[in-house]
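In: Sequence first, predicted coordinates after that:
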Amino acid sequence: MDISELNTLYENGEEFRRKGQYIEAISAYRQILVQAPDSPHILRRLGECLLKKGVPREAVSCFHEAVKLDPQDASQFHLLAQAHRETGDIDRALVALERAIAIEPENVSYQVDLGWCLADLGAMKKAAVLQERAIRAFETALALHPNDPGVLEGLASLYKDTNRIDLALDTIEKALELDPYDLDRLELKDRILRRKSSTGRSLN
């Protein structure tokens, strides 16, 4: 297969991917990898399509190969973490996220995903130290992007889960100042207020 045929396959794969025709895109990318097995970009594209088709274990293999070939691409580690999470392997997802953040420490999305990963792991293992690390990850994300209502919402949720009710209420109110009509955030505020009310009653 010559270079023009590979280019045509790649263009077809990209067009299929953009249209959501993931089976056809997967076929195109796999044909390219037969001829160019050491392409981290094609491995990434194949992994992304496999994730979309709901086969994260195969996606993990693709992203593993991609990060070996290009270990300085933080986004590859982020995708590897996503694939691990979808297989239920939160420990390995955490390792991949930490690698991504080591490369791009100021990436807000990576910090937020790290926070949720730590929160999930902390809840599973009933480990307060992991919950605290989750909060620190969200606080880091907020320092990087102080007017992000999604980050504020996540932080408020974690404050609630660790019984810092006043902090939770203050944080979700800041999120609602930025985006007053988000139903999920309004519901979270209501849950925080109910927790505050029940805590107050138990102290009386």
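Out: That came through fine.
In: element containing Arg194?
Out: Per DSSP states H and E, Arg194 falls inside helix 183-203.
In: repeat for Pro37
Out: For Pro37, there is no helix or strand it lies in under DSSP H and E.
In: So Ala127 is in contact with Leu118, correct?
Out: No - with contact defined as Cβ atoms under 8 Å, Ala127 does not count as touching Leu118 (9.3 Å). For every residue, glycine as well, the C-beta is placed using N, CA and C.
In: Give the residue from those two that has the larger number of neighbours.
Out: Ranked by neighbour count (other Cβ atoms under 10 Å), Ala127 and Leu118 place Leu118 first, with 25 against 13.
In: what about the more buried one, distance to Tyr110?
Out: 12 Å (Cβ to Cβ, to the nearest Å).
In: repeat for Gln31
Out: Gln31 sits 32 Å away from Tyr110, taking Cβ to Cβ as the criterion.
In: Pick out whichever of these two has more residues nearby.
Out: Tyr110 (26 against 18).
In: what about Ala141, how many neighbours?
Out: With other Cβ under 10 Å as criterion, Ala141 counts 26.
In: measure it to Ile103 for me?
Out: Counting by Cβ to Cβ, the gap from Ala141 to Ile103 is 16 Å.
In: other SSEs contacting the helix holding Arg194?
Out: Under the contact definition 3 or more Cβ pairs under 8 Å, 6 or more residues apart in numbering; DSSP states H and E, helix 183-203 sits against helix 149-161, helix 165-178.
In: Just want the angle from the shortest one to helix 165-178.
Out: The directions of helix 149-161 and helix 165-178 differ by 160 degrees, with axes from the mean of the first three to the mean of the last three Cα atoms, to 10 degrees as the criterion.
In: helices or strands up against helix 149-161?
Out: helix 108-125, helix 128-144, helix 165-178, helix 183-203.
In: That one - what's its average pLDDT?
Out: Averaging pLDDT along helix 149-161 yields 97.
In: you'd agree Lys160 is up against Ala168?
Out: Yes - assessed by Cβ under 8 Å, Lys160 is found in contact with Ala168 at 4.1 Å.
In: okay, the two: which has more neighbours?
Out: Looking at Lys160 and Ala168 with other Cβ under 10 Å, you find the greater number of neighbours at Ala168, namely 25 against 21.
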